[in-house]
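Asks: coordinates for the following, if possible.
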Amino acid sequence: MSRLDAASLLPLSPPPTKPHRRRRLLASTLAVALFLFVVLGSPSNPSTNYASLLLSLGSNDTAASHLRALTLHPHVAGTKANSLTAAYVLDALSSLSFSAHITPYSVLLSYPVHRSLSLSAPGRATKSFSLSQDTYPNDPYASAAAEAIPTFFAYSASGSVSAETVYANYGREEDFAYLASAGVDVAGKVALARYGRIHCEDIVHNARAAGAAAAVVYTDPLEYGGPPGEGTFPDTRWLPPTGVQVGSLFRGVGDPTTPMWASSEGCERVSVEEAMATDGMPGIPALPVSAQDAAEIQRVLGGAVAPADWQGRDGSPVYRLGPGPAVLNLTYQGNDTMATIENVFAVIEGAEEPDRYVILGNHRDAWTFGAADPNSGTAAMIELAQRFSVLQKQGWRPRRTIIFCSWDAEEYGLTGSTEWVEENREMLSTRAVAYLNVDVSVVGPGLLPSTTPQLDELLLEIIKLVCIL
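Replies: Model prediction:
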């Protein structure tokens, strides 16, 4: 039986220009709520203004308390900490007037076991990098930050490489083409590239395609450090010198051991070895590093000076193409293992079109705390569910069925949501009306929504109804 059938899903019975984070979270929740009201259709009792009632419910503190609870600890997919966030969401939704449950899947995830990186060059002592992110003085969350999994790239190939380094700018195909045209041989080298134009999985894929033996990807201050002299977190929003951006190197979606089909209990699977050997995997060892560590490497690189648009911001060392004389000694050992992930669902059955689904979702897992991405969205979603529950007690029912979805393992490759869609593909293709994603509900002072063209005008009308105080 599909998991969307009634038996499993449906009930059996600061500055003025920068609003306070809690207010922005509330405003985001209200925008989502109004958007859903229009998509869902007319309320059950036309004489009651349920939209106005919805906007009058709750307070800024309720969504903020959910965000606080969800971000007390780092919670990578497949870990006990992330299972606790699933339990929190389930408890919050189960306490309301509609049914909620967890759907688990067994999927291939990836964790670091050992990492090391050192820099050597003729005439200088070897420099070993700590590959750690510093906390700031008197950080009240330093003990929780120490729980974070060490910086790594999920699904990186395990191995050791000692080779000269080549600078590859943003790691795009055209960047490697330029190196080839300039006579810089990438084959067998360690490619050093920066974030800023394409995702890490594509950077490493392009490095492998160019013949690199390994890749190192860093966050350049030009993109992430802000104007020189402005400072970094916690004084500003900019990434501090030892900050590292991690990610997944899998270029596909879903569980790599069940490509194009669901990871249901007892299903057929390809082996972990086969999954890791596909072209969607990086195939070479790779590590993410900080701007501080990358600057050390850049200072030792020789060769021709890189083009102007390959350079860093003022104050950065002159970037050269290499190869060498900088030699990087990189080792990565990963644990690619089957782990359990947990999607959480809650359902409000529609009054007039119960077999038409309006789906509201976002993921819950995070590489570290996930305060903005994704749990500002999770907090807004729980707040919205609570308000709908109050409306139900006042006689409201949506025209169509609402499904709340808290996805797991999104950071690894949209894994939880992909497995659920693969398992329910046929039913969703005939019954799903709309999907609204609230992954990042709050990040900074701006509102940055996006939608398919059919909903452009609706989105604009909803924004006009929400006043950010």
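
Asks: distance of the nearest residue to F98 once chain neighbours are set aside relative to E147?
Replies: Nearest residue to F98, sequence neighbours excluded (C-beta to C-beta, 6 or more residues apart in numbering): I348, at 4.9 Å. Quick note: C-beta positions are derived from backbone N, CA and C, even for glycine. Per C-beta to C-beta, to the nearest Å, I348 is found 36 Å from E147.

Asks: who has more neighbours, these two?
Replies: I348 (27 against 14; other C-beta atoms under 10 Å).

Asks: you'd agree that one is up against W396?
Replies: No. Between I348 and W396 there is no contact under C-beta atoms under 8 Å: 9.6 Å.

Asks: which neighbours do these two have in common?
Replies: Taking C-beta atoms under 8 Å, 6 or more residues apart in numbering as the contact rule, I348 and W396 both touch F388.

Asks: how about F388, secondary structure?
Replies: State at F388, reduced to three classes by DSSP: H, G, I helix; E, B strand; the rest coil: helix.

Asks: in contact with it, which residues?
Replies: 54, 96, 348, 396, 398, 402.

Asks: at 10 Å instead, please
Replies: Applying C-beta atoms under 10 Å, 6 or more residues apart in numbering to F388 gives the contacts 33, 36-37, 50, 54, 57, 96-98, 346, 348, 396-398, 402, 404.

Asks: returning to what we had before: how far away is the residue nearest to F98 from L131?
Replies: Counting by C-beta to C-beta, the gap from I348 to L131 is 46 Å.

Asks: and if you look at A275?
Replies: Distance from A275 to L131, by C-beta to C-beta: 26 Å.

Asks: what of L108?
Replies: 24 Å.

Asks: just the element for the residue most central in space within the chain, please.
Replies: The C-alpha lying nearest the average C-alpha coordinate of the chain belongs to E411 (C-alpha atoms, centre = their mean; 4.5 Å). Taking DSSP states H and E as the criterion, E411 maps to helix 410-413.

Asks: counting contacts, what elements does that helix pack onto?
Replies: Helices and strands touching helix 410-413, by 3 or more C-beta pairs under 10 Å, 6 or more residues apart in numbering; DSSP states H and E, are strand 99-121, strand 153-154, strand 247-248, strand 327-348, strand 353-363, helix 415-423.

Asks: out of these, nearest to I284?
Replies: strand 327-348 (9.7 Å; C-beta to C-beta).

Asks: how far does that closest one sit from its chain's centre?
Replies: 12 Å (C-alpha atoms, centre = their mean, to the nearest Å).

Asks: what does stretch 404-423 give?
Replies: The answer for stretch 404-423 is 12 Å, by C-alpha atoms, centre = their mean.

Asks: do stretch 221-234 as well
Replies: Remark: stretch 221-234 is offset 22 Å from the chain centroid, using C-alpha atoms, centre = their mean.

Asks: what distance separates the opening and closing residues of that stretch?
Replies: Start-to-end span of stretch 221-234 (C-alpha to C-alpha, to the nearest Å) is 16 Å.

Asks: can you list the buried residues in it?
Replies: 221, 223-226, 232 (16 or more other C-beta atoms under 10 Å).

Asks: give me the mean pLDDT for it.
Replies: For stretch 221-234, mean pLDDT is 91.

Asks: neighbouring contacts of it?
Replies: 135-139, 170, 194-197, 218-219, 236-243, 245, 291-292, 294-295, 311-316.

Asks: if we use 7 Å, what do you get?
Replies: Applying C-beta atoms under 7 Å, 6 or more residues apart in numbering, the external contacts of stretch 221-234 come out as 136, 195-196, 236, 238-240, 291, 312-316.

Asks: pretty sure the residue nearest to F98 contacts P398?
Replies: Yes. Using C-beta atoms under 7 Å, I348 is in contact with P398, at 5.9 Å.

Asks: tell me the most buried of the helices and strands packed on helix 410-413?
Replies: strand 153-154 (a mean of 26; mean count of other C-beta atoms under 10 Å).

Asks: stretch 269-289: end-to-end distance?
Replies: Terminal-residue distance, stretch 269-289 (C-alpha to C-alpha): 34 Å.

Asks: strand 99-121 and the strand or helix carrying L391, what's the angle between them?
Replies: Assessed by DSSP H and E, L391 sits inside helix 375-393. Orientation of helix 375-393 against strand 99-121 (axes from the mean of the first three to the mean of the last three C-alpha atoms, to 10 degrees) gives an angle of 170 degrees.

Asks: how about the helices and strands packed on helix 410-413 in TSV, adding distance to V186 and mean pLDDT?
Replies: Shown next, in TSV, are these (distance: least, C-beta to C-beta, whole Å; pLDDT from 0 to 100):
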stretch	distance to V186	mean pLDDT
strand 99-121	18	97
strand 153-154	19	98
strand 247-248	22	98
strand 327-348	14	97
strand 353-363	35	95
helix 415-423	31	97
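
Asks: for D185, find the nearest of these.
Replies: strand 327-348 (15.0 Å).

Asks: check what pLDDT S52 gets.
Replies: 77.

Asks: how near is it to W396?
Replies: 12 Å.

Asks: same deal with E349?
Replies: Distance from E349 to W396, by C-beta to C-beta: 12 Å.

Asks: and what of T331?
Replies: On the measure of C-beta to C-beta, T331 and W396 end up 59 Å apart.

Asks: pretty sure I403 sits in a strand.
Replies: Yes. Per three-state DSSP, I403 lies within a strand segment.

Asks: okay, how far is it across stretch 242-250, tip to tip?
Replies: End to end - C-alpha to C-alpha - stretch 242-250 spans 25 Å.

Asks: and E461, how many neighbours?
Replies: E461 has 12 nearby residues by other C-beta under 10 Å.

Asks: so is it in a helix, a strand, or just coil?
Replies: Applying three-state DSSP: E461 is helix.

Asks: what do you get for V217?
Replies: V217 ends up strand, using three-state DSSP.

Asks: repeat for V270
Replies: coil.

Asks: any chance of the backbone angles for it?
Replies: Dihedral pair for V270: phi -80, psi 160, per degrees, to the nearest 10.

Asks: ok, it - how many residues close by?
Replies: 16.

Asks: can you redo the helices and strands packed on helix 410-413 as a markdown table with distance to L321?
Replies: Listed next are those as a markdown table, based on distance: least, C-beta to C-beta, whole Å:
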| stretch | distance to L321 |
| --- | --- |
| strand 99-121 | 16 |
| strand 153-154 | 24 |
| strand 247-248 | 25 |
| strand 327-348 | 15 |
| strand 353-363 | 39 |
| helix 415-423 | 37 |
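
Asks: of all the ones you listed, which one is nearest G188?
Replies: Nearest to G188, of all those, is strand 327-348, at 11.9 Å by C-beta to C-beta.

Asks: who does that closest one pair up with?
Replies: strand 99-121 (antiparallel), strand 159-167 (antiparallel), strand 400-407 (antiparallel) (DSSP bridges).

Asks: closest one to A306 among those?
Replies: strand 159-167 (6.1 Å).

Asks: for that closest one, buried residues please.
Replies: 161, 163-167.

Asks: after that strand, next one along is what?
Replies: That would be, after strand 159-167 and using DSSP H and E, helix 173-181.
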